[in-house]
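Asker: turn this into a model:
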Amino acid sequence: MANGNLGNWLHQVEVGDHGQLEESRNLKLIQRLDISVDVASGLEYLHCGCESTTIHGDLKSSNVLLDDEMTAHIGDFGLAKIISTVSSDVAQGQSNSTAIRGTIGYVAPEYGMGDMASTLGDVYSFGILLLEMFTGKRPTDDMFNIHLNLHNFVKNDLPDRVMEIVDPCILLEHNTRRQIKDCMVSVLRIGVACSMESPRDRMEMGSVTSELRKIKTTYMNDGLNQD
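Answerer: The predicted structure is shown next:
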């Protein structure tokens with residue numbers, strides 16, 4: 001893809017033979033909203049729009065690819081499973097090792113307890129991705145440990161201290177702080193809802209896509225009214 005992957009836009013990456021760091025490139029808030037809608041729509045299609053429900057299994061920022069117009073595409077289906085295939089594996093008595101194994105920080109906690117892959121596992125990964133996109137922090141950041149993860153880091157500061165955890169690049173934009181804060185509270189609440197520890201407490205991707213589109217529309221309308 002012409003613009004590489006989302007992870008390299010959000011974070012510093014090593015380049016060259018000497019491991020020097022390349023600065024992350026700034027994504028505007030509206031671009032992040034567009035990307036979040038693109039990815040949510042893609043997952044919704046995999047879960048609901050295909051003839052057979054498909055689980056991606058390894059959604060993360062480096063697997064979100066950006067084309068020349070910065071439209072996001074979900075890549076790397078190496079771990080993808082079709083629900084009917086997973087079900088038949090279980091029926092044949094195969095062990096839970098057939099469950100999808102994702103990437104540390106993004107993988108749903110129930111997978112670590114042997115649960116089989118599900119669409120709600122993808123929802124968890126999307127929630128973490130959403131929090132990463134708007135805070136600028138990787139889920140594997142050194143600040144996170146057994147007592148603190150990206151989900152709790154955001155949840156603990158919503159809504160009153162949200163501006164303290166938003167990616168500083170977003171705060172450099174010329175929109176009013178109220179406009180940015182309102183948008184960030186709404187988006188990060190979705191990220192928290194998607195990354196709940198219990199699968200049954202998470203949103204479904206159809207609702208996520210619908211809510212993100214509403215947030216984007218409200219943000220754009222607020223900008224027009226500001227002008």
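
Asker: how about residue 214, phi and psi?
Answerer: phi -60, psi -40 (degrees, to the nearest 10).

Asker: and it, what pLDDT?
Answerer: On pLDDT, residue 214 comes in at 98.

Asker: now do it against residue 106, distance only.
Answerer: Using CB to CB, to the nearest Å, residue 214 is found at 25 Å from residue 106. C-beta: built from backbone N, CA, C; applies to glycine.

Asker: higher neighbour count, these two?
Answerer: Remark: of residue 214 and residue 106, residue 106 carries more neighbours, 25 against 11, as counted by other CB atoms under 10 Å.

Asker: I'd like the mean pLDDT over the strand or helix carrying residue 187, please.
Answerer: Here residue 187, judged by DSSP states H and E, is contained in helix 177-194. Across helix 177-194, the average pLDDT comes to 96.

Asker: got the contact list for that helix?
Answerer: Identification of contacts with helix 177-194 by CB atoms under 8 Å, 6 or more residues apart in numbering yields 29, 33, 36, 123-124, 126-128, 130-131, 134-135, 151, 154-155, 158-159, 162-163, 165-166, 170-171, 173, 201-203, 208, 211-212, 215, 218-219, 222-223, 226.

Asker: pull out the buried positions in it.
Answerer: Of all the residues in helix 177-194, those buried under the rule 16 or more other CB atoms under 10 Å are 179-194.
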